[in-house]
Every structure is written in structure tokens, then in C-alpha cells.
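> Return a 3D structure for these sequence lines:
(2 chains)
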Amino acid sequence: MNPQADPSAPGAASSPSSSGPSGPVVKIIGVGNAGIAMLGMLNHTEFSSAAMVVINTEAGALTSSSAPVKIHLENKLLRGLGSGGDPDRGRAVAEEQFSTLKAACEGANIVFIVTGLGGGAGSGISPVLARAAHEAGALVLAFVTLPFHCEGNRRESQAQKSLEQLKKLADGVICLPSQRIFKIIEENTGARETFRVIDGFLVQAVHGVWQLLTCPGLIQVHFGDLCDLLRDRHAESLFAFAEATGPGRAREVVETILAHPLLDDGRALAESTAVLVSLVAGQDLSMAEINRVMEQIKRQCGRAKILMGAALDPALENTLCVTLIAARQESRAEPAAADAVPAASSSSAAPAPTSVKPRFEMSEEIPLAGGPREVPPAPVSRPRKGIPGNKPVQTQLPLTIVSKGRFDKSEPTKHNGEDLDIPTFIRRGIVMN
Amino acid sequence: MDDVVFNGIAASLSLLTNEQKELGALVIDLGGGTTEYVVHANGIIRHSGVLAVGGDHVSNDLAYGLKVPLSRAEKLKVEYGAALVTDAGKGETISLTNEMGLEFKRLNREHLQCIMSLRLREIFELIALDLERVGLVGYLRSGVVLCGGGSRVPGLVKLAEEVFQMNVSAGHASGISGLTTALDQPEFAAAIGLVKFGSLKTRRRSGRSFLPTRIKGAIEKLLQR
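Next up, the predicted model:
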């Protein structure tokens, strides 16, 4: 019934935990069994300034967690058995304890929700939690996994439904479909190991975003920019993480990251519409290295909008870490619209995620140290050969008249204002290249 | 011509058993030009509809999307088509050869499947939407039965399961004598149903009094004059 907050633990609900001098107060909240497992994998020393909270409907998983704040959502309906894989029950109990959730988010600037969708707790509680965090005045970024196909239609549709809700309620959603993992793991990898790999990927993403937001930025990325980037695009995101040390680290790190199995030999990058690149390195990071890494990645990313950030972490000696988050637009909105609005927005610091601010800035105008930097899309006219998925993307004018082929002369088949004679993939704006 | 019957009803006549009609079933006939669907529930026909979208649209989409002539698209559909993007199709290329046997074009099989999948999914989604509108989804306890030439597309049953979230099966025409393997084709379901309908008609007519038909015949004669 009540939050079982450990009184001795730091960062108990509503008191902002200690953080860097100017860094935002971040709370990382794991929801459901998957969320708890993922939170357990986070390296606690590194996230020392973040408050960790776990929420679940089952007491068993909560006790095994090492997070300082544990919230056990329970009511008579659940009878101590958890949500039983039913998101409606999870949602009901979360709504009932809305004030508890809100109190848990109090005092944070940014709330990360980490969970696996598909079950009862993750899918049911997360959207409510996102709303609670909003009401408590925090920005919300959700990191979620989607279930495997083999887990059945029901879980899949539950996960999809919850994802839709989360997209509306959270400022940004980074989502990893578990099914993709099959491309990476060996055939006879154990089930437990497989789940660990998936959780590991999500944890890497949390880590990457965390670094981006908290490390002293050489080229800083604000949370608002990140949310802008993710908005409407988070149907499916991919992330890759690579690190390298030594003199040839810039080249090495790019090679590793582009060969990352989740990126489909770079095909995923070519298809994505927004890419976030975060570089973190020790004090010895040189501009030439940043340039080299970005040059390579930019070349892979066809028409994607690229947002990059660079930060220094004194703890990383001689090491260069690159985190890459690629998001693909799947909504029906015309793909070019987001990039085409030439609005010169100021690079003011205040992140205002609730208002969509189109930014398209000339990179020369930005001073080196401040403000987010956006790299304009690489020119598409240069034909390059040899690398798969690196085909030049043909841009589309908004007013193309689609030929209807053999149905050109017949009466159009209208259904709810849609002309069904036009190929579905064109109406849905799916690009084949 | 003696009578007219809706194609979809004819198909359901040949495919559904009485038990299925009693339990509630949706029959979808994916034809070349149109897609018909009929809902049976509690032993009666509850709903029916036609979409003017069929196999020709799939071919047309392919011709447009893959930039090949229609005839070639038709062939590609039959040979390489699938209702879902298969793992095998990913990264596979199809090379087209001209009449001399020389390769002149390469296609990505994933694109082909993706185009088909989107179109077929849309057809199912439109039907599902319509059934939801009339509130008949809960009645389909025996699931969905597919027939028509379009139902030959590999993976269509799985796609339909995904959309409708219930049991889906490919229909088998039953209750007709003859070489079953020759007649048990999804395309023939409607035709077999027509035969059945005709036989039902005549049986009913012979059982009834002659009066109605006689009056009908008299009126027809009058009109023909």
C-alpha cells in the first residue's frame, strides 16, 4: 500500500538528491520486473548523483532490488499476486496511488522511466507514472523494451498500446524491440543470457543519455533538444555504443559502431530520420577526432537530422566512447516536414519540451562551447559505392502526383477520403530505397 | 439466368459447416478485383460487404513500387510474394532476366514483401474496422476463413491472425463429390458455392407449391410482350 521508503537511504522521495553544481536532478525509475532487473544492471557508482526508485506490484522482485527507494503498489484487487500480466490492473492500481507516484517524482528535473512493456506492471504503470512525473514538474524520458514475437499477440498488443500512451505522455521514448536481438546473439544462447543482453542494451542507452546530460559539455546537448529529436520519431529507436582506446581510437570507434549488429550494416542509419551522437572522452579529446567521427557517421546517415554532443569525463583516460541513438519516423506525417521548416530558433538554454520548436541552425553561427549543434544533412547527390545501405536517397517533392497505374482510368476507390487505388506504402509514407 | 447471389455468400456456403455458421464465422474472399466478406453468426448471415480492392491492386502496387511492368509484377507476386516480411526475404535480391536470359534488373525481395504486406494488411484492417463498427467482432467464435485466389499468398493466415486476433484458417470446400484435390482450390470456393446455391434453390422450389412461380412466370411473360 505505502511506499516502503528506506529512511536511511539518500534521495528519498521529494528531497532532491545531491547532484553536480549545475547538472539537473535526475531520477531513474524502474517499473515492473524488467525495470528492476535493468536498474540492477546500472553501475551504481557512476549514477551516484541520480536517485534510483523501483516500482512494482509484486513484493518479491522489490526485495531483491538494491535501489534505495522501493514503491510497492498494491490494493485489495491484486491480493498480493501482482498485476497478473494485465495492464488494466496495473493502471488501476497506479491511478489509485497517483499521489504516491507523484511524490516519488517530486524534486527531480528529469525522470527516466526504465521498463519492459508487455506485462501488467510495466505497461500499466508507466503511462500513469509519466503523467505523475509531468505533474511533479519533471521532464520524462522513457526507455522501454518491446516483447519478443514469441511471447504472443496479447503481450505485443498490450505493449503497443502502452507505447502509444507513453509517446503521448512522455517527452521522449527510446524503445528497443526485443525481437531484434536475434540478429546478434548466437543460436544457443541461454534465455536468461538473452534477456541480460537486451537489458544491457537499454542500460547502455540510459548510460549514454546520462553522460550526455550530466558530463560537462564541450558541445552540450540539452534535454529539450533530445526530446525534440525523439518526438514523433520514437516508433522504433536503435542504439549503439562503442568505445576505443589508444592512438587510433577515432577510427576504431567508428568502425566498431558502424559494425554494430543492431544497426544492420549501417542500413538502419540510412533509413533513420534522426540520429543523436554523443561523444565522451577524457581531457585529451581533440577537435580532429570529433571531426573524424562525425564525418564518418554523417556519411552513413543519408538524410537524417543529426544532433551531436561532446563531453569530457576526466575518469575516461585515453578512451573515447560514442553512443548513437537512431530514431525512425513511422508516423504518417510527411517525412520532410520536420526538417524543412527553416525557423531560426535561438540556442537558449531553457528546454521547453512541450512546445515543438523547429530548429535548423547553420552550424557556423554557433559558438564552439555553447548551444546544441546540429549538423545539416549530408548532401545526397554524391554517389558512394561499396557500403551497403548507403545508397543516395531520392528526396521527394511534396506535390508529386502518384500514378495509379492500371486504375488510372477507372473510378477511384474512395474509403473514408482515402484513395485505395494508390499503393498503400505511398499513402503511409514508407520509403523504399 | 434464374437468380442472383452475392459472391461472398456463395463462398461461405461452400466453406462453412453448419456448426461454424452457428458459432459465428467471417469468410473473406480475396478475389482479383474485389474482396468480399460475409459474417455468419447464430446460424444466419449477419453482415456482408465488398471492398473494391483485390489482387489486382497488389500487382499494381508492385508494378509501381518496383518499377516493373504489370505482367511482370503479377508473376513476381505469385513467385516471390508473401503477406509478411520474412527473415529469408531480408537482403535477398531477385534478378530479372529478359527473353535472352540476360539479367537486366535486380529487386530487393524485402521491398516486394513489404509492399504486399502493407496492402493486404490494409484490406484486413478495413474489414476489421467495419466489423468493429457494426459490433460483430465478439460473435466470431469460430474465427476467420479465407478463400479466393488471394488466399494463396504465403503467410496470409498469419497476417490475418495478427490483424483480427483470432483463429484464421484457409477454407476448404466441402460437401461436393468429385476429385477433391482438383476442386479443393481456394479460387473455386465461390463457384462451388454457386452450384450449391443452385441445388438448394431447385430443391426448395420443387418442395413448394407452384403458385408463386406460376404468378412470377405470368408476370414475366406480360413484361416480355
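
> What residues sit buried inside stretch A:144-151?
By neighbour count with 16 or more other CB atoms under 10 Å in any protein chain shown, stretch A:144-151 contains the buried residues A:144-148, A:151. Yep, even glycine has a C-beta here, placed from its N, CA and C like the rest.

> The residue nearest the centre of chain B: which element?
Nearest residue to the geometric centre of chain B (CA atoms, centre = their mean): residue B:29, 1.7 Å. Per DSSP states H and E: residue B:29 is located in strand B:25-30.

> that older thread, mind checking which of the buried residues of stretch A:144-151 are in strands?
A:144-146 (DSSP state E).

> Return the closest of the residues you listed with respect to chain B.
For these, the residue nearest chain B by CB to the nearest CB is residue A:146; the value is 14.6 Å.

> Tally up the residues packed near the residue nearest to that closest one when sequence neighbours are not counted, please.
Leaving aside its sequence neighbours, residue A:146 sits nearest to residue A:177 (CB to CB, 6 or more residues apart in numbering or on different chains; 4.3 Å). By other CB atoms under 10 Å in any protein chain shown, the residues close to residue A:177 number 20.

> Which phi and psi values does residue A:177 adopt?
phi -70, psi 120 (degrees, to the nearest 10).

> Surely it touches residue A:151?
No. If you go by CB atoms under 8 Å, residue A:177 and residue A:151 don't touch, sitting 11.5 Å apart.

> and residue 41, what does it touch?
Unless you meant another one, I'm taking chain A. A:196, A:199-200, A:203 (CB atoms under 8 Å, 6 or more residues apart in numbering or on different chains).

> look at chain B instead
So residue B:41 contacts B:24-25, B:136, B:139-140 (CB under 8 Å, 6+ apart).

> Could you rerun that using 6 Å?
Taking CB atoms under 6 Å, 6 or more residues apart in numbering or on different chains as the contact definition, residue B:41 lies against B:24, B:139.

> Check the gap between it and chain A for me.
Using CB to the nearest CB, to the nearest Å, residue B:41 is found at 23 Å from chain A.

> List the beta-bridge partners for that residue.
residue B:44 (DSSP bridges).

> Would you mind naming what in the stretch 151-300 of chain A lies close to chain B?
Within the stretch 151-300 of chain A, the positions near chain B by CB under 6 Å from any CB of the partner chain are residue A:153.

> Which residue does the stretch 151-300 of chain A have closest to chain B?
residue A:153 (5.7 Å).

> neighbours around the closest residue to that residue other than its chain neighbours, how many?
Nearest residue to residue A:153 in three dimensions, chain neighbours excluded: residue B:165, at 5.7 Å (CB to CB, 6+ apart). For residue B:165, the number of neighbouring residues by other CB under 10 Å comes to 14.

> Also residue A:303?
21.

> in what helix or strand does it lie?
Short version, using DSSP H and E: residue A:303 is in no helix or strand.

> what does residue A:163 give?
Here residue A:163 is assigned to helix A:153-169, by DSSP H and E.

> Show me where chain A has its strands.
According to DSSP E, the strands that chain A contains are A:26-31, A:51-56, A:69-72, A:110-116, A:139-146, A:172-177, A:217-219, A:236-245, A:274-281, A:305-312, A:319-328, A:373-375, A:414-415, A:418-419.

> any chance of those in a markdown table, plus mean pLDDT and distance to residue B:145?
Formatted as a markdown table, the strands of chain A follow (pLDDT from 0 to 100; distance: least, CB to CB, whole Å):
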| stretch | mean pLDDT | distance to residue B:145 |
| --- | --- | --- |
| strand A:26-31 | 87 | 41 |
| strand A:51-56 | 84 | 43 |
| strand A:69-72 | 82 | 48 |
| strand A:110-116 | 87 | 36 |
| strand A:139-146 | 85 | 31 |
| strand A:172-177 | 78 | 31 |
| strand A:217-219 | 74 | 60 |
| strand A:236-245 | 75 | 33 |
| strand A:274-281 | 82 | 44 |
| strand A:305-312 | 81 | 47 |
| strand A:319-328 | 80 | 36 |
| strand A:373-375 | 44 | 54 |
| strand A:414-415 | 79 | 23 |
| strand A:418-419 | 80 | 27 |
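
> Including distance to residue B:220, could the ones you listed go into a markdown table?
A markdown table is the format used below for those (distance: least, CB to CB, whole Å):
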| stretch | distance to residue B:220 |
| --- | --- |
| strand A:26-31 | 73 |
| strand A:51-56 | 76 |
| strand A:69-72 | 80 |
| strand A:110-116 | 70 |
| strand A:139-146 | 64 |
| strand A:172-177 | 64 |
| strand A:217-219 | 87 |
| strand A:236-245 | 64 |
| strand A:274-281 | 70 |
| strand A:305-312 | 72 |
| strand A:319-328 | 64 |
| strand A:373-375 | 78 |
| strand A:414-415 | 38 |
| strand A:418-419 | 42 |
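
> Mind picking out the helix or strand in chain B with the poorest mean pLDDT?
helix B:211-224 (a mean of 65; mean pLDDT, DSSP states H and E).

> Residue A:411 and residue B:220, how far apart?
Applying CB to CB, to the nearest Å, the value for residue A:411 to residue B:220 is 33 Å.

> I misspoke; the intended subject was residue A:151.
From residue A:151 to residue B:220 the distance is 63 Å (CB to CB).

> same thing with residue A:84?
From residue A:84 to residue B:220 the distance is 66 Å (CB to CB).

> Who has more neighbours out of these two?
Shown here are residue A:84 and residue B:220; by other CB under 10 Å, residue A:84 has more neighbours (14 against 10).

> Count residues in the vicinity of residue B:162, would you?
Around residue B:162 there are 18 residues (other CB under 10 Å).

> same question, the one 10 residues further on
The local packing of residue B:172 (other CB under 10 Å) involves 15 other residues.

> and it, what is it in contact with?
Applying CB under 6 Å, 6+ apart, the residues near residue B:172 are residue B:184.

> Just read off the phi/psi values of it.
phi -120, psi 130.

> Just the pLDDT for it.
Note for residue B:172: predicted pLDDT of 81.

> Tell me where the stretch 201-350 of chain A has helices.
With DSSP state H, counting those that start in this stretch as the criterion, the stretch 201-350 of chain A has helices at A:223-230, A:249-258, A:267-271, A:287-300, A:337-340.

> report the angle between the axes of the second one and strand A:319-328?
Calculated by axes from the mean of the first three to the mean of the last three CA atoms, to 10 degrees, helix A:249-258 forms an angle of 40 degrees with strand A:319-328.

> list the helices and strands helix A:249-258 packs on?
Counting contacts by 3 or more CB pairs under 6 Å, 6 or more residues apart in numbering or on different chains; DSSP states H and E, helix A:249-258 packs against strand A:236-245, helix A:287-300, strand A:319-328.
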